[in-house]
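Student: Mind folding the following:
(2 chains)
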Amino acid sequence: MKNYIQDIERALYDVRDEDKSVYKSDAGLTEEIIRDISKRKNDPPWMLEFRLKSLEVYNKLALPTWGPDISALNMDEIVTYVKPNAKQVDDWSQVPDEIKRTFDRLGIPDAEKKSLAGVGAQYDSEVVYHSIQKRLTDLGVVYTDMEKALIEHEDIVKEYFMTLVPPKDHKFAALHGAVWSGGSFVYVPAGVDVKIPLQSYFRLNAAGAGQFEHTLIIVEPGAKLHFIEGCSAPKYNVTNLHAGCVELFVKEGARLRYSTIENWSRNMMNLNTKRALVEQGGLIEWVSGSFGSRVSMLYPCSVLHGEGARAEFTGVTFAGHGQNLDTGAIVVHAAPKTSANINTRTISKSGGAATYRSAVKVTRNAPFAKCSVNCESLMLDNESRSDTLPVMDIEGDEADIGHEAKIGRISEEAVFYLMARGISEEEARAMIVRGFVEPIAKELPLEYAVEMNNLINLELEGQL
Amino acid sequence: MLEINNLHVSAGDKEILRGLSLHVGKGEVHVILGPNGSGKSTLMNVILGHPKYQITGGEIFFDGEDLTTLKTFERARRGIFLSFQNPEEIPGITVENMLRTAKQSITGDKVKVLAFHKELLALMKELQIAPEYASRYMNVGFSGGEKKRNEILQLLTLKPKLALLDETDSGLDVDAVEIVSRGVAKFHNADNSCIIITHNAQILKHLPVNRAHIFLNGRIVISGGSELVNAVAEHGYAPFEATL
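Tutor: Alright, predicted model coming up:
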């Protein structure tokens, strides 16, 4: 069977449709804008309150002083909300042609054909396409967009929304709280095993528009879910900001696998906050690929809150020319016998900078914590940069912590070995790079693994 | 098939091969003997164009074509194979994937995945390599003996015209040498040639040796028949050094 994403070209991501949005808020962030957004979204009063409080926090907080340079970001120029020219539909044929063309190029209907359980696709700031299989609904599983969830499941949203990532966490979390729009909501009742992965795509289109989608997933005790999120955005020449927020609640004995590939266009500032709270015996598995964007700061965090809770983090980052990708993971061991594995690969080329940054904290309440960190970096030339910044803060007794870091270049002897078997130099280097990320690729859903390989091949073209 | 005339090779400032000549005809098996550091491995690597070495004089022809203008992979595609003395470990690339890609590169034809898989497993069985090694990463975590058998597996899969075996038998126990020896014998026929670097006559047990050459200080000091192999086994290189 041919994979739909096999023949994707880079240009696909760089096509920009004419901006036909019906409404754009004024550039810059004011109370009026927030009230306006809230009104247009039909927020309940508490949500308006929440947005306004977040705005206050936002105005008080400073930009982070560590990590990559984000001074190119001018918040006054960013139109925070763009409403696409389409209403929510659950039938592909009703999606406007223009939007459909964009999605066609991304292969979304094919993904649907591949019997994915549900597809939610975000075009600019609003979910325009959404479907879910009936049997999921019969199981009591809720998979919808955040706006709808706010109406139909208000109590649940109110109980969890931005409790794990509070607005005061950092400036972009506060911004998110003030202007969030769109995103996915998943609720899996206790004991339900959702056997097919749920999948959602995000895409940015309007120039200068930020995207602030919120993902809220609650997996009740003993339940199981695999959620896949794919992101890509067309190229544009105004600095774009992505400040999404992902909150994952994994209850007692539940399992959640959260896979994502982010392939933002090269002008994007990707400042995303992702966090999971894992209760007793629960498991969170992160699979994370970061390719695009101009700057990324992304450190998915696992809070191991219940005894024996576990986290697995598998990540790959590829930084090319003009990119500064600062990625990694955070694990907080907050209960006894919690364990975590962090396994990452980063690649930098053509002057790109890739930083692996992680924090492992073992609190006093977490005796017998176990954590192993393995991060490897590959630099493809002399102009690229790679840094490894692992931080460990261990207070709990009897902790078993391991850390292994490697930074290196492609082995010329390995290239010679492959060439001695008749393989061209270009292919030999590509094989070695693909081999380097193979431990990550095999964790990805098939079409994403194929996409990642294609991206690597595209990135390596003209390398020699 | 292979013609090397008055070859001079340096690595950096150091001259390693000093006027070496060697002619290997179709169907022939040549053995190269010599102490460590005499330039044997350098010769093998230079035939395949390793970037570490510079040719400062002389010529190398393969089937009448000047090899020195070709890239390493082009030389491999012309039919030259090297069984490495220390095979590289390549994480993330499985033995099967690598060999299939290599086969495709050399033949220029699309390899049928299933047929190739069957053929590979049959060869692995003959070389007593466990089938799960097909999906293991190239040489990663392999023992010394497993790496060498893996080289012979590649030799038998890629079927070159000229096989260069660089101490394929060293570090192997008696049984493993026997397996490797049979593997090379299976490969060899009237249409292909072998150059074998060895310290040990056992690998030659199943092969007809046409010529043996003694290497000293970057050149061949004496050539003869397989009797030279036995002479070295008995007396070492001292008698040959004395004649210089």
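Student: what about residue A:412, neighbour count?
Tutor: By other Cβ atoms under 10 Å in any protein chain shown, 11 other residues sit near residue A:412. Placement of C-beta: from N, CA and C, glycine included.
Student: Next one, pLDDT for it please.
Tutor: At residue A:412, the predicted lDDT confidence score is 93.
Student: my guess is it contacts residue B:51, does it?
Tutor: Yes: using Cβ atoms under 8 Å, residue A:412 is in contact with residue B:51, at 7.1 Å.
Student: Spit out the contact partners of the residue of chain B found nearest chain A.
Tutor: In chain B, the residue that lies nearest chain A is residue B:92 (2.5 Å; Cβ to the nearest Cβ). Taking Cβ atoms under 8 Å, 6 or more residues apart in numbering or on different chains as the criterion, residue B:92 is in contact with A:432, A:434, A:435, A:436, A:437, A:438, A:439, B:137.
Student: close enough to count as contact, the fourth one and residue A:376?
Tutor: I take that to be residue A:436. Yes: taking contacts as Cβ under 8 Å, residue A:436 lies within contact range of residue A:376: 7.2 Å.
Student: And these two? Which one has more around it.
Tutor: Using other Cβ under 10 Å, the more surrounded residue of residue A:436 and residue A:376 is residue A:436, with 24 against 21.
Student: Residues that sit against both of residue A:436 and residue A:376, list them.
Tutor: Contacts common to residue A:436 and residue A:376, judged by Cβ under 8 Å, 6+ apart, are residue A:345.
Student: what's the closest non-adjacent residue to the residue most central in space within chain A?
Tutor: Centroid-nearest residue in chain A, with Cα atoms, centre = their mean: residue A:260, separated by 5.3 Å. In space, and not counting its chain neighbours, residue A:260 is closest to residue A:229: 4.2 Å by Cβ to Cβ, 6 or more residues apart in numbering or on different chains.
Student: and what of residue B:87?
Tutor: Spatially, and ignoring its direct neighbours in sequence, residue B:87 is nearest to residue B:147 (4.5 Å; Cβ to Cβ, 6+ apart).
Student: Residue A:406 now?
Tutor: residue A:376 (4.4 Å).
Student: before we move on, the earlier item: and the residue nearest to residue A:260, what are its bridge partners?
Tutor: residue A:200, residue A:260 (DSSP bridges).
Student: Neighbours of it, how many?
Tutor: Neighbour tally, residue A:229, other Cβ under 10 Å: 24.
Student: Which strands and helices lie in contact with the helix or strand bottoming out on mean pLDDT in chain B?
Tutor: One helix or strand of chain B scores below all others by mean pLDDT, DSSP states H and E: helix B:238-242, with a mean of 83. Packed against helix B:238-242, as judged by 3 or more Cβ pairs under 8 Å, 6 or more residues apart in numbering or on different chains; DSSP states H and E, are the following elements: strand B:211-216.
Student: Kindly recompute the last result at 10 Å.
Tutor: Applying 3 or more Cβ pairs under 10 Å, 6 or more residues apart in numbering or on different chains; DSSP states H and E, we find helix B:238-242 packed against strand B:211-216, strand B:219-224, helix B:227-235.
Student: Pipe the ones you listed into TSV and attach mean neighbour count per row.
Tutor: Shown next, in TSV, are the helices and strands packed on helix B:238-242 (neighbours: other Cβ atoms under 10 Å in any protein chain shown):
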stretch	mean neighbour count
strand B:211-216	22
strand B:219-224	16
helix B:227-235	15
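Student: Turn the ones you listed into JSON lines, columns for mean pLDDT and distance to residue A:265.
Tutor: As requested, the helices and strands packed on helix B:238-242 are exported to JSON lines (pLDDT from 0 to 100; distance: least, Cβ to Cβ, whole Å):
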{"stretch": "strand B:211-216", "mean pLDDT": "94", "distance to residue A:265": "59"}
{"stretch": "strand B:219-224", "mean pLDDT": "93", "distance to residue A:265": "61"}
{"stretch": "helix B:227-235", "mean pLDDT": "88", "distance to residue A:265": "66"}
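Student: where along chain B do the strands fall?
Tutor: Ranges of strands in chain B, per DSSP state E, are B:2-11, B:14-24, B:29-33, B:54-62, B:65-66, B:80-83, B:90-94, B:137-138, B:162-166, B:193-197, B:211-216, B:219-224.
Student: Deepest-packed of these, please.
Tutor: Burial of the strands of chain B is given as mean neighbour count (mean count of other Cβ atoms under 10 Å in any protein chain shown); strand B:80-83 ranks first at a mean of 27.
Student: For the residue nearest to residue A:63 when sequence neighbours are not counted, give me the pLDDT.
Tutor: Residue nearest to residue A:63 in three dimensions, not counting chain neighbours: residue A:171, with 5.8 Å by Cβ to Cβ, 6+ apart. On pLDDT, residue A:171 comes in at 91.
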